[in-house]
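Participant: Build me a model from this:
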Amino acid sequence: MAWELGRREFLKSAIAGTALCGGCGGTRVFRTAGPGPGPRIVPGYVSPGCRGTKVRVGKIYAGVPKAMWPNPTFDIEAEMRRYETEFARMKAEFADVEFAGNQLVTNAAEARKAREAMTDVDGILLIHLSMGIGAIIPEILTAGKPTIIFAHPYSGHEWVGFGQMRKQKAGEMMDCLLTSDLGQLAVAVRPFRAIHHLREAKIINVTARPVAPEYAAAIKDRFGTEIKVIGREPVLAAYESIPEKEAWAEANRWIEGAVAVVEPSRDEIFRSCRLALAFEKILDEERATVITSDCYGSMYHQLPAFPCIGNVRLNNMGLGGICESDLRSAMTHIIMQGLTGRPGFISDPTMDMSTRTIALAHCLGSMKMDGPDGPSAPYKLRTVHERQEGAVPQVKMRIGEPVTQAILVGADTILFFTGKIVDAPEHDRGCRTKIVVTIDGDADRLWQNWSQGLHRVTCYGNIRDDLARFCRFKKITLTDEAA
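Facilitator: Okay, here's the model as predicted:
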């Protein structure tokens, strides 16, 4: 069935006379909880109903008046105002950031005082204004906080030592952005954001099987992320607590927003949407941000519906819904969301060496791959392909989009590669939502290097550099599988 056809016909035949509540294609389509017990950790996105503590970033301007570079008559105060104007212009990109300090330091003593006032920040942004800051940088690094040095060309000669400094123990928590593009100030805070949101994140795992205690402990120790197992009964209780009227309204939103409803019955969609609202309620009550369920294992046919619509709905909202009790993918999703503000797409990959591409397929796909306020991709409501039951959104993702695919292995390794979407095929092989991706690196090396099982998580954008900074600060080994 073509993507352009089917929705009108379905609506006429299946829901004639029903009062619908708005399609799934616009901003704030889905129900978002109002004030309540649960946080909304949505990186880079702050609005009513999307709550969480802000990322604290220490902002320090480092410079010396009348230094020879940029020039002896350089107005250092005016340069600070220029940066502050840029921060104000990009206020939407810093909506979840609280800056601390925000002062000029001109020598080591001032740097020490500024650093001592930043014990509770997630990271430090040090903006290099002029020559003469050689004694300032080591003082700031003494804090042991993740630190990004933002250095505009001509700001001074200190940059020639940054590379060697990074290789020394004192520079283990330091990285640099050497650029004239002040828009990169928003890039500088990304690793701090990911670190912050991992620390606040809590994953609910709906399963009858225990989580390996050593894995949960390693995740908690390195990232601060809590993993909590709940069984079937709390989910059933939450499901029964959702009024049928609310669930039908949610179902009608999904039906109206779909390009087509192919296999699922209205009752299947209703039960899926009631479970979706139950998932949100559980996250609120648990003060959690991500849920995953053992849908192909101990929870198969133990819940009122497949969790796919519930997972997608949470991803669209800026939270997290993850398939198959896959805790590695859940953690990878949180990292990617922290770095980009966008959700991940879990996939079962398959290679095609005749075209040197990799197809990434899974039955559910998120429509809001650009984030909660981004455009919504078209979708159909289908069954789970492998089971021929349930209800899942089959999403048509955007061709031409650069992507990054990754997986966190244990607590200390990330495997990744980057590429570009060249097709979003629709055929009866593999899972419902599919993208075909060219590989930036060596396709032969990718399949030869492949390890650690099937699932990977894909997000829009080439975030290689963001991953590298995050991994540096968290002491994680980053490996390009296509290199």
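Participant: For residue 241, the count of nearby residues, please.
Facilitator: 11 (other C-beta atoms under 10 Å). C-beta here means a position set from N, CA and C on the backbone, and glycine is covered the same way.
Participant: and the gap between it and residue 393?
Facilitator: Residue 241 sits 24 Å away from residue 393, going by C-beta to C-beta, to the nearest Å.
Participant: Hmm, residue 456 is touching residue 344, no?
Facilitator: No. Contact criterion C-beta atoms under 8 Å: residue 456 and residue 344 do not qualify, at 9.0 Å.
Participant: what residues are shared contacts of these two?
Facilitator: 329, 332 (C-beta atoms under 8 Å, 6 or more residues apart in numbering).
Participant: Against residue 399, how distant is residue 438?
Facilitator: 11 Å.
Participant: Which one of the two is surrounded by more residues?
Facilitator: Between residue 438 and residue 399, counted using other C-beta under 10 Å, residue 438 has the larger neighbour count: 17 against 12.
Participant: next SSE after the one helix or strand that one maps to?
Facilitator: Here residue 438 sits within strand 433-439, counting by DSSP states H and E. Beyond strand 433-439 in the direction of the C-terminus, DSSP H and E gives the next helix or strand as helix 443-449.
Participant: Now do the contacts for residue 343.
Facilitator: Per C-beta under 8 Å, 6+ apart, neighbours of residue 343: 315, 316, 318, 320, 333, 336, 337, 366, 368, 369, 371, 459.
Participant: Show me the longest strand that occurs in this protein.
Facilitator: Taking DSSP state E as the criterion, the chain has its longest strand at strand 413-423.
Participant: buried stuff in that one?
Facilitator: Neighbour-count burial for strand 413-423 flags 414, 415, 416, 417, 418, 419, 420, 421 (criterion: 16 or more other C-beta atoms under 10 Å).
Participant: do stretch 472-483 as well
Facilitator: Those would be 472, 473, 474, 476, 478, 479, 480, 481, 482, for stretch 472-483 by 16+ other C-beta under 10 Å.
Participant: and what of stretch 264-274?
Facilitator: Judged by neighbour count (16+ other C-beta under 10 Å), stretch 264-274 contains these buried residues: 264, 266, 268, 269, 270, 271, 272, 273, 274.
Participant: Kindly report the same for stretch 242-257.
Facilitator: 242, 247, 248, 249, 250, 251, 252, 253, 254, 255, 256, 257.
Participant: And for stretch 185-205?
Facilitator: Buried, per 16+ other C-beta under 10 Å, within stretch 185-205: 185-198, 200-205.
Participant: Now for residue 438 and residue 399: what residues contact both?
Facilitator: residue 422.
Participant: Among the buried residues of stretch 472-483, name the ones in helices.
Facilitator: Using DSSP state H, the subset of the buried residues of stretch 472-483 located in helices is 472, 473, 474.
Participant: Not counting residues beside it along the chain, what's closest to the first one?
Facilitator: Excluding its sequence neighbours, the residue lying closest to residue 472 (C-beta to C-beta, 6 or more residues apart in numbering) is residue 175, at 5.9 Å.
Participant: Now for the closest residue in space to residue 142 that isn't next to it in sequence, how many residues are close by?
Facilitator: Excluding its sequence neighbours, the residue lying closest to residue 142 (C-beta to C-beta, 6+ apart) is residue 115, at 6.4 Å. Residue neighbour count, defined by other C-beta under 10 Å, stands at 24 for residue 115.
Participant: Residue 115 falls within a helix, correct?
Facilitator: Yes. Assessed by DSSP: H, G, I helix; E, B strand; the rest coil, residue 115 belongs to a helix.
Participant: measure it to residue 103 for me?
Facilitator: Residue 115 sits 11 Å away from residue 103, going by C-beta to C-beta.
Participant: Please apply the same query to residue 271.
Facilitator: Plainly put, residue 271 is 57 Å away from residue 103 if you go by C-beta to C-beta.
Participant: cool, and residue 61?
Facilitator: Taking C-beta to C-beta, one finds residue 61 at 7 Å from residue 103.
Participant: out of the two, which sits in the busier spot?
Facilitator: Remark: of residue 61 and residue 103, residue 61 carries more neighbours, 25 against 14, as counted by other C-beta under 10 Å.
Participant: Follow the chain on from the strand or helix carrying the more buried one and name the next helix or strand.
Facilitator: Under the criterion of DSSP H and E, residue 61 resides in strand 55-62. On the C-terminal side of strand 55-62, the closest following helix or strand by DSSP H and E is helix 76-89.
Participant: chain center to the following helix or strand past that following helix: distance?
Facilitator: Moving toward the C-terminus from helix 76-89, the next helix or strand (DSSP H and E) is strand 97-105. Remark: strand 97-105 is offset 26 Å from the chain centroid, using C-alpha atoms, centre = their mean, to the nearest Å.
Participant: Pull up the pairing partners for strand 97-105, direction included.
Facilitator: If you go by DSSP bridges, strand 97-105 pairs up with strand 55-62 (parallel).
Participant: Tell me how this structure divides into domains.
Facilitator: 18-41+201-480, 55-191 (automatic domain parsing).
Participant: pLDDT on the last one, on average?
Facilitator: It refers to domain 55-191. Over the span of domain 55-191, the pLDDT mean works out to 95.
Participant: which stretches of the stretch 151-300 of the chain form helices?
Facilitator: 162-167, 185-188, 190-200, 213-223, 232-241, 244-257, 266-286 (DSSP state H, counting those that start in this stretch).
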